[in-house]
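K.L.:
Quick check, what structure comes out for this input:
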Amino acid sequence: MQDRVNDPQHPVNYGLALSPQFCIKKYKMGQTLESKKIIVAGGTSGIGLALVKLLADERASVTAIGRDQVKLSALKKEWPAVEGVRLDARDRPALDNFFRGGQPIDHLVLALGSSKGGGAFTALSLDELRLGFDGKVWPQLQVLQAALPFMSPGGSVTFITGCAATAGLPGTAGLAAINAALESMIPVLSKELKPLRVNAISPGLIDTPWWDFLPADAKNQVFTDFTAQVSLGRVGRPEEVAKTIRFVMTTEYINGVVIGCHGGL
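P.N.:
Numbering: from 1, shown residues only. The predicted structure is shown next:
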C-alpha cells in the first residue's frame, strides 16, 4: 500500500491527479499573469480600465496609458500598484521615448478609441469620419510600431476593434470602415510579426463612457434598439470583454484571429 502512495504513476494516484480540484489548480497555475509586464493603451476608461483592474488583481505589472490626468490620478488612488502614464498616442516621438525607457513587454493591449464616424451615410460628414480614423486606427498602429522593438518573443498584441466591422447595422458604415481597417490587418500582422501573437477582440454594444457623447434619452434608445437584435437580450459589460482579452492573452495557440464578444448578433 505504501508503494502505491509513493508512486505517482500508480492508477490510484493517477485518478486523484485528475480530480476536478487538481485540474483547476493546475490550470490556474499555468495561466498566471503575475509579474508579467502588460501595457494597456487606453487603460483609464471603459474596457481598458476594466482590463487594468482585472490584471492588477492578478498581480501583473500593469501600465495604463491615457491622456486624462484626472482619470490617471483616480486609477492610481484606487490601484496604487498600477503605473499610470499620461501620453498622447498620436505623438510618435513621445511614444518612442516612453517605450525606450521601459522593460520588455509581455503583452500589449490597444484599447484606444473614438466616438467619431457614426450615423447614416447620407448625412455622415467625411471630416468626422476622418477624425474617427485619427482617434482609433492611427493611434493603435502608432503604439504598436513604437512598442515592437521592446516586445518579448512569444508575447501578444491584442487590438480592441468593434462589431460594426461585420454586423451590417444601418447607421454604422463609418464605424464599419474604421474597425474593419484594423481587423483586416490581424492575419497579416500575425504572420509578419511572428512569433509575436496578434489578435483582436471585437466587442458589441458595451455599457461604457464611450456612449456619453449622446444625450441620455438618445443613449437609452440606442441601447434598446441594439438589445432587440442581440441573442442574449442585453447590453454587455466591460468586465466581460476584459475577461475575453485575458483569455486570448494567455492562450498561446490563438493567433491571427478576430474574436467577437457581442452577446450574439
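K.L.:
where do the helices sit along the stretch 101-250 of the chain?
P.N.:
For the stretch 101-250 of the chain, the helices defined by DSSP state H, counting those that start in this stretch occupy 126-147, 164-167, 173-183, 186-192, 216-227, 238-250.
K.L.:
Tell me which of those helices sits nearest to residue 48.
P.N.:
Closest approach to residue 48 among the helices of the stretch 101-250 of the chain is made by helix 238-250 (8.4 Å; Cβ to Cβ). From N, CA and C alone the C-beta is placed, and that goes for glycine too.
K.L.:
helix or strand right after the closest one?
P.N.:
Elements were assigned by DSSP states H and E; along the chain past helix 238-250, the next helix or strand is strand 258-261.
K.L.:
helices or strands next to that following strand in the packing?
P.N.:
Packed against strand 258-261 by the contact rule (3 or more Cβ pairs under 8 Å, 6 or more residues apart in numbering; DSSP states H and E) you find strand 197-203, helix 238-250.
K.L.:
what about these, which gets the closest to residue 103?
P.N.:
Residue 103 sits nearest to helix 238-250 of all those, at 17.6 Å, using Cβ to Cβ.
K.L.:
quick one: buried residues of the closest one?
P.N.:
By neighbour count on 16 or more other Cβ atoms under 10 Å, the buried set for helix 238-250 is 238, 241-242, 244-246, 248-250.
K.L.:
Low-confidence ranges, the protein, go.
P.N.:
By pLDDT under 70, the low-scoring segments of the chain are 1-31.
K.L.:
Okay, domains of it per the record?
P.N.:
1-30, 38-261 (automatic domain parsing).
K.L.:
now, of those domains, which is deepest in the fold?
P.N.:
domain 38-261 (a mean of 18; mean count of other Cβ atoms under 10 Å).
K.L.:
And that domain, end to end?
P.N.:
Terminal residues of domain 38-261 lie 21 Å apart, using Cα to Cα, to the nearest Å.
K.L.:
Over to stretch 98-110?
P.N.:
16 Å.
K.L.:
Pull the distance from that stretch to the chain's centre.
P.N.:
How far stretch 98-110 lies from its chain's middle: 15 Å, per Cα atoms, centre = their mean, to the nearest Å.
K.L.:
Quick one: residues in contact with that stretch.
P.N.:
33, 36-43, 48, 51, 63, 65, 85, 87, 140, 143-144, 146-147, 149-152, 155-160, 245, 249 (Cβ atoms under 8 Å, 6 or more residues apart in numbering).
K.L.:
hmm, back to that, any chance of the helices and strands packed on strand 258-261 in JSON lines with distance to residue 125 as columns?
P.N.:
Below are the helices and strands packed on strand 258-261 laid out as JSON lines (distance: least, Cβ to Cβ, whole Å):
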{"stretch": "strand 197-203", "distance to residue 125": "25"}
{"stretch": "helix 238-250", "distance to residue 125": "29"}
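K.L.:
Out of these, which gets nearest to residue 186?
P.N.:
Nearest to residue 186, of all the helices and strands packed on strand 258-261, is strand 197-203, at 5.0 Å by Cβ to Cβ.
K.L.:
From the contact counts, what lies against the closest one?
P.N.:
Looks like strand 197-203 contacts strand 151-160, helix 173-183, helix 186-192, helix 238-250, strand 258-261 (3+ Cβ pairs under 8 Å, 6+ apart).
K.L.:
List of residues touching the shortest one?
P.N.:
Outside of strand 258-261, the residues that reach it under the criterion Cβ under 8 Å, 6+ apart are 161, 163, 165, 183, 186, 199-204, 236, 240-241, 244, 248.
K.L.:
so what strands line up beside it?
P.N.:
strand 197-203 (parallel) (DSSP bridges).
K.L.:
Alpha carbons of the strand it pairs with, in PDB - could you do that?
P.N.:
Once non-C-alpha atoms are left out, strand 197-203 reads as follows in PDB (Å, rounded to 0.1, in the frame of the first residue of the first chain):
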ATOM      1  CA  ARG A 197       0.800  36.600 -31.400                       C
ATOM      2  CA  VAL A 198      -1.600  39.200 -32.800                       C
ATOM      3  CA  ASN A 199      -5.300  39.100 -32.300                       C
ATOM      4  CA  ALA A 200      -8.300  41.300 -32.000                       C
ATOM      5  CA  ILE A 201     -11.400  41.400 -29.700                       C
ATOM      6  CA  SER A 202     -14.500  42.800 -31.400                       C
ATOM      7  CA  PRO A 203     -17.000  43.900 -28.800                       C
END
